[in-house]
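Trainee: got a predicted structure plus its sequence, pasted below:
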Amino acid sequence: MKTPLEILKSYYGYNSFRPMQAEIITNALLQNDSLVLMPTGGGKSICFQIPALLQNGITVVVSPLISLMKDQIDALHANGIQAEALNSGNSVSKDVLIREKCLNNEIKLLYISPERLITEIDWMQNFLKISLFAIDEAHCISQWGHDFRPEYTQLGILHEYFPHVPIMALTATADKITKQDIIERLHLNHPQIYVSSFNRPNLSLEVKRGCSEKEKIKVLLDVIRRHNNESGIIYCMTRKTAEKVAHNLYEYGVVVGVYHAGMSIKERNQIQDDFLNDRIHVVVATIAFGMGIDKSNVRYVIHYNLPKSIENFYQEIGRGGRDGLPTETLLFFNLQDLITLRKFAEESGQKEVNLEKLKRMQEYAEAHICRRRILLNYFGEISDCACNNCDVCKSPPEFFDGTIIVQKALSAILRTNETVGFTMAIDILRGVLMANLMSKNFHQLKTFGAGRDIPFREWKDYFLQMLHMGFIEIAYDEERHLKVTQLGKNVLFNRLQVDLVRIIPEEKSENKKKRSHKSIIQDNNESGNKSDILFERLRNLRQNLAEKNHWPAYIVMSDKSLHALVDEQPITLEEFGEIFGIGKFKREAYGESFVSLIKEFQDEYGITKPKTKMEKTTQMSYMDRQKQLHEHAYAPWTKKDDDYLVELYKEGKSIKELMEIFGRNSGAIRSRLRKLQCF
Ligand code: ADP
Ligand code: ZN
């Protein structure tokens, strides 16, 4: 009999398990129940698929959505594994065929919707040998989770019907109540609970505060253009915003799909299908665009508006970068969204809980410490080091004595008898003669024009900071007027000193970013062009193969495998089989086409492939470079690293040299040096 690792290698083409996968598989093989908590993209499917392949009989996988089942079955077929789905999308004759296959032991995995499982349960009990039940998206069973599905609650009878068949419940949503609920409702029998790290280091984190609509669109265009031909999702709070953003982008010639709950199911399915199959690269959506998105090569996820909780946010950004390659996430944060969401929370059934969740989301957006640390702490993982892959780590905030600025603002508010909101308070400070302001005689206040030297945008940010620090409050029941708190009065009357974060004008920080982009590109550019050409050709071949099979391209092969093909340039089937993500089925099915494309390419460009290991290791590959730039860059700095860094810096090594020595990007080196007070 084969071992789990051999199966991993031969069917999936992966060389090692990710943390916990091996233990989870062993536990299932020992016929024990388990509860598996892993982030989206963490690799849950393999945990039940490998036990299915190693045992006699059928593994039954309960899944809430037809699109999810389809995606998994396509991926299994593409690896040469027999699997089928019983759900309402099938014709009667298809169902008959599938049942026959089950009886003849022709399939290893049977996917099924929860309602269907209940209607088929007698038949299954009488005729099938079931090796394992896997309950995917298991949080759907709990009313506490955000995707509650009443049909899931009936799954509690499984252990009555099948007392000896183990159950594996899997989810990416991890709070305590939901966890307990899953165990109780499924009647899991002393389950082993596996909680893997929720860290997704390949997702970069960034927040942009106080952007106008126009600025947001500019940023979107920049991201979209940077990711030409790559997929991305833009989440908006409302249907109206989604339509508007899509329209704005369209005006700039960007083709985008719109997806929200106001559209018909047919329209929505079409958009989702176009997205999965790379016919549309960008989707502007409300949160309705969700669970069915298993596409592995989403390269950016942008939140045009603030999400209502960190759970929502994390799940949404989690749809990016499932293949482990670097992926951007960006959140726009402004006051208007906060006010709207607060109103929703106040009016909701669970006011306290929802306000608290929103507050935590706000804290993330306003953070001056590593954002990943905030996310991980939220999910109960203690983390106290900088990630070097969020905007705070890359350019740590600079503080300055902002006492006078705060005093001016607070004084302006008090002089209006606390009867103004943000905009008017800023107009007063900037001395703008607006009609509504003059009609109340505010232009005659002593503070009128006292903050002329500070641009509107900066004022807006300082007001946010003041709100965050508790100097002002918003009176939601008084037309959102601003009120000065007791703490604020201490600043004004008792000269309490306040540090504010300096606002770097957008243009400067953009330039900084462009520069750092450029240097990375330059670093990579020597053999860059040829690699790009080969990558494009491989990508086209993948697309053709995908269309032939009616699969999305990422099912044929992940982006990571394509990059590995560019780096390794295999010219025999054997070498091709060694590529990341290529199991024996893919080797047989596609090996010839890929290998001959690569040979043709090499002939055309007169490339002779480096043969020896030595040559290979001296040639730095895309993957290695990514690793250098990203993976190692996430590891915490040890004391030894720190000492060595300071020593080399004092010796006069340049940032570039330090980048190479430590395998980290320039932001990481600079911020560490700053932390160690070297500059
Ligand atoms: P989840 O269901 O947890 O969201 P998936 O099971 O879809 O995640 O896995 C995410 C991606 O990671 C898939 O492309 C999968 O093939 C890949 N993957 C899973 N396990 C491994 C592994 N041990 N090595 C490499 N890639 C893996
Ligand atoms: Zn960080």
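Mentor: Structure received. Ligands and ions are numbered 1, 2, ... in the order given.
Trainee: use CA for all of it now, contacts and neighbours both
Mentor: OK.
Trainee: and the helix or strand where A22 lies, what does it pack onto?
Mentor: If you go by DSSP states H and E, A22 is part of helix 21-29. When contacts are defined as 3 or more Cα pairs under 8 Å, 6 or more residues apart in numbering; DSSP states H and E, helix 21-29 sits against strand 34-37, helix 45-54.
Trainee: what's the helix or strand just after the last one packed up against?
Mentor: Per DSSP H and E, the first helix or strand lying C-terminal to helix 45-54 is strand 58-62. Packed against strand 58-62, as judged by 3+ Cα pairs under 8 Å, 6+ apart, are the following elements: helix 45-54, strand 109-112, strand 130-135.
Trainee: tabulate the ones you listed (JSON lines), appending mean neighbour count.
Mentor: Listed next are the helices and strands packed on strand 58-62 as JSON lines, based on neighbours: other Cα atoms under 10 Å:
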{"stretch": "helix 45-54", "mean neighbour count": "22"}
{"stretch": "strand 109-112", "mean neighbour count": "26"}
{"stretch": "strand 130-135", "mean neighbour count": "26"}
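Trainee: would you list the ones you listed in JSON lines and tack on distance to K359 and mean pLDDT?
Mentor: Formatted as JSON lines, the helices and strands packed on strand 58-62 follow (distance: least, Cα to Cα, whole Å; pLDDT from 0 to 100):
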{"stretch": "helix 45-54", "distance to K359": "34", "mean pLDDT": "98"}
{"stretch": "strand 109-112", "distance to K359": "39", "mean pLDDT": "98"}
{"stretch": "strand 130-135", "distance to K359": "32", "mean pLDDT": "98"}
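Trainee: and these: which comes nearest ligand 2?
Mentor: Smallest distance to ligand 2 across those (Cα to the ion): 29.0 Å, for helix 45-54.
Trainee: how about the helices and strands packed on helix 21-29, which one is nearest T403?
Mentor: strand 34-37 (46.4 Å; Cα to Cα).
Trainee: state the mean pLDDT of the closest one.
Mentor: Strand 34-37 carries an average pLDDT of 96.
Trainee: run through who's touching it.
Mentor: Surrounding strand 34-37, the residues in contact under the criterion Cα atoms under 8 Å, 6 or more residues apart in numbering are 24, 27-28, 44, 167-174, 183, 188, 191-196.
Trainee: near ligand 1, anything from that strand?
Mentor: No: figure legend: strand 34-37 not in contact with ligand 1 (Cα under 6 Å from any ligand atom); closest approach 8.8 Å.
Trainee: that older thread, looking at the helices and strands packed on strand 58-62, which is nearest to L220?
Mentor: Using Cα to Cα, the nearest of these to L220 is helix 45-54, at 33.0 Å.
Trainee: for the closest residue to L8 other than its chain neighbours, what are its contacts?
Mentor: Leaving aside its chain neighbours, L8 sits nearest to Y14 (5.9 Å; criterion: Cα to Cα, 6 or more residues apart in numbering). Taking Cα under 8 Å, 6+ apart as the contact definition, Y14 lies against L8, F580, G581, I582, G583.
Trainee: just the pLDDT at the last one, thanks.
Mentor: Same thing as G583. Taking G583 on its own, its pLDDT is 95.
Trainee: so how far is ligand 2 from the nearest residue to it once chain neighbours are set aside?
Mentor: Computed as Cα to Cα, 6+ apart, the closest residue to G583 that is not its neighbour in sequence is G13, at 4.0 Å. According to Cα to the ion, to the nearest Å, G13 and ligand 2 sit 32 Å apart.
Trainee: closest to V646 out of the helices and strands packed on helix 21-29?
Mentor: strand 34-37 (40.3 Å).
Trainee: gap between that closest one and the chain center?
Mentor: 21 Å (Cα atoms, centre = their mean, to the nearest Å).
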